[in-house]
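Novice: sequence isn't available, so here's the structure alone:
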């Protein structure tokens, strides 16, 4: 896997360089590094490792907090010279077709974990070795990791990238995603503050 192309990308919060990473030049679904123009690798870099969520990132679905997390990560990255690594592993790695099937099961009362296992799928099939390779290619050796996910912390801690601190990325729960966030906290160990059901 290596850089295939890059271009400056003016976004609502600031200017970023968008870099496409793939093993093949004609790869149609590359991973991305979205790099603030103020990146300074001589100090710990604010980094968000974000897995693709078409429903949340693109269509602003309220079933999850992904789109709002991405938006906040880009805002913070613009302010602090950070990087968003965007990994193409939709639906925690199960893909959009299976994700929609899982949503149907959730509408019958199953939580996100039970829906995946009912379909014979992993609860979370994501991997983060590609993110480490991208960060190393960018010359980043020390980071402030913007995450609530202990698996991401563990994956990066077991690499050559040093985590200086974790930066929480809490998004207020909505009635549409309260169960989703509650499951992430109580059954997947995510570092979230989910209170009572919103009105």
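Specialist: Perfect, thanks for sending it. Values in this document were obtained by computation on a predicted structure and should not be read as measured data.
Novice: which stretch of helix or strand covers residue 130?
Specialist: For residue 130, the host element (DSSP states H and E) is helix 129-137.
Novice: and that helix, how far out from the chain's middle?
Specialist: How far helix 129-137 lies from its chain's middle: 14 Å, per C-alpha atoms, centre = their mean, to the nearest Å.
Novice: name the helices or strands packed onto the lowest-mean-pLDDT helix or strand in the chain?
Specialist: Counting by mean pLDDT, DSSP states H and E, the chain has its least confident helix or strand at helix 90-93, which shows a mean of 86. Judged by 3 or more C-beta pairs under 8 Å, 6 or more residues apart in numbering; DSSP states H and E, helix 90-93 is in contact with strand 45-51, helix 96-106. In short, each C-beta sits where N, CA and C put it, glycine included.
Novice: any idea of the mean pLDDT for the longest helix seen in the chain?
Specialist: For the chain, the helix that runs over the most residues, judged by DSSP state H, is helix 66-80. Throughout helix 66-80, pLDDT has a mean value of 96.
Novice: what does stretch 123-139 give?
Specialist: So the average pLDDT for stretch 123-139 ends up being 92.
Novice: also stretch 4-12?
Specialist: For stretch 4-12, mean pLDDT rounds to 96.
Novice: please tell me how far it is from the chain's geometric centre.
Specialist: With C-alpha atoms, centre = their mean, you get 19 Å for stretch 4-12.
Novice: wait, residue 137 sits on residue 3?
Specialist: Yes. Look at residue 137 against residue 3 with C-beta atoms under 8 Å: they come within range, at 6.7 Å.
Novice: what's the overlap in contacts for the two?
Specialist: Counting by C-beta atoms under 8 Å, 6 or more residues apart in numbering, the common neighbours of residue 137 and residue 3 are residue 21.
Novice: could you look up the SS state of residue 56?
Specialist: Counting by DSSP: H, G, I helix; E, B strand; the rest coil, the backbone at residue 56 sits in helix.
Novice: next, the nearest residue to residue 92 once chain neighbours are set aside: phi, psi?
Specialist: Using C-beta to C-beta, 6 or more residues apart in numbering and skipping the chain neighbours, the partner closest in space to residue 92 is residue 124 (4.6 Å). Main-chain dihedrals, residue 124, degrees, to the nearest 10: phi -150, psi 110.
Novice: great, nothing more from me.
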